[in-house]
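Participant: model this:
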Amino acid sequence: MELVFATGNQHKLAEAKSIFQLRNPKIELSSYGGPSPIESGITFVENARIKALAAHQATGKTAFADDSGICVDVMGGAPGIFSAGWSGSRSDEKNRLLLLSQLSEIPQEHRAASFVCSVSLIGVGLDVSFTGVWLGSVAFAERGTAGFGYDSIFIPEGFDLTAAELDPELKNSLSHRFLAMSQLADYLSS
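Facilitator: Prediction:
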């Protein structure tokens, strides 16, 4: 089965290929990096669906998209769907530094956070979504060089390391994206 992943982000594409290879190697994954639609949804699912639908309409192929971000409990779930542009730019570094600054006076016991990823699959007769949540907390400073986005400041539950310090294979077997895409791969297998 051929699937189009509506993303221009090569990190996400590599992660998705790795996940699908483990869960359903019969899926051929390609990317669609065409014009990005306006993400006017108010949830991760709505924004993922908007992107998947745009890719499906542009390519005529079954497409899926994800929307993900970090949700900090003490901030009422922010940055949430605004994670990618939290600092007012699309700079991962600026986004991380702003979030660390906003949490600078917050003690460890109140730094609970989660990575959330929703994926939506759109095709002829298909319109389904899945969500994965990876629990953890926000570190006090950046650590690690692997990963992207907020990985270097997110400490997964049960670990002392940030997601950016974890072995990439281990991270890919635990992450919010793994959880959501695994559900998608399992759905496609059934």
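
Participant: surely residue 165 touches residue 142?
Facilitator: No. Residue 165 lies out of contact with residue 142 (Cβ atoms under 8 Å); the separation is 10.3 Å. Glycine gets a C-beta too; all of them are placed from N, C-alpha and C.

Participant: show me where the chain has helices.
Facilitator: Taking DSSP state H as the test, the helices found in the chain are 10-23, 44-59, 92-102, 168-172, 176-189.

Participant: contact partners for residue 22?
Facilitator: residue 173 (Cβ atoms under 8 Å, 6 or more residues apart in numbering).

Participant: now the residue positioned nearest the centre of the chain. Nearest residue, chain neighbours left out?
Facilitator: By Cα atoms, centre = their mean, the chain has its centre lying nearest to residue 68, at 3.6 Å. Spatial nearest neighbour of residue 68, chain neighbours left out: residue 117 (3.8 Å); criterion: Cβ to Cβ, 6 or more residues apart in numbering.

Participant: and if you look at residue 137?
Facilitator: Closest to residue 137 by Cβ to Cβ, 6+ apart is residue 111, at 4.5 Å.

Participant: ranking helices and strands of the protein by mean pLDDT, which lands last?
Facilitator: Within the chain, no helix or strand scores below helix 10-23, which has a mean of 84 by mean pLDDT, DSSP states H and E.

Participant: what comes up buried for that one?
Facilitator: 12-13, 15-20, 23 (16 or more other Cβ atoms under 10 Å).

Participant: for those, which one is nearest residue 183?
Facilitator: Closest to residue 183 out of the buried residues of helix 10-23 is residue 23 (9.4 Å), distances taken as Cβ to Cβ.

Participant: so what pLDDT did the nearest residue to that closest one once chain neighbours are set aside get?
Facilitator: Spatial nearest neighbour of residue 23, excluding adjacent residues (Cβ to Cβ, 6+ apart): residue 185 at 3.7 Å. Listed pLDDT for residue 185 reads 89.

Participant: tell me, how many residues neighbour residue 185?
Facilitator: 23 (other Cβ atoms under 10 Å).
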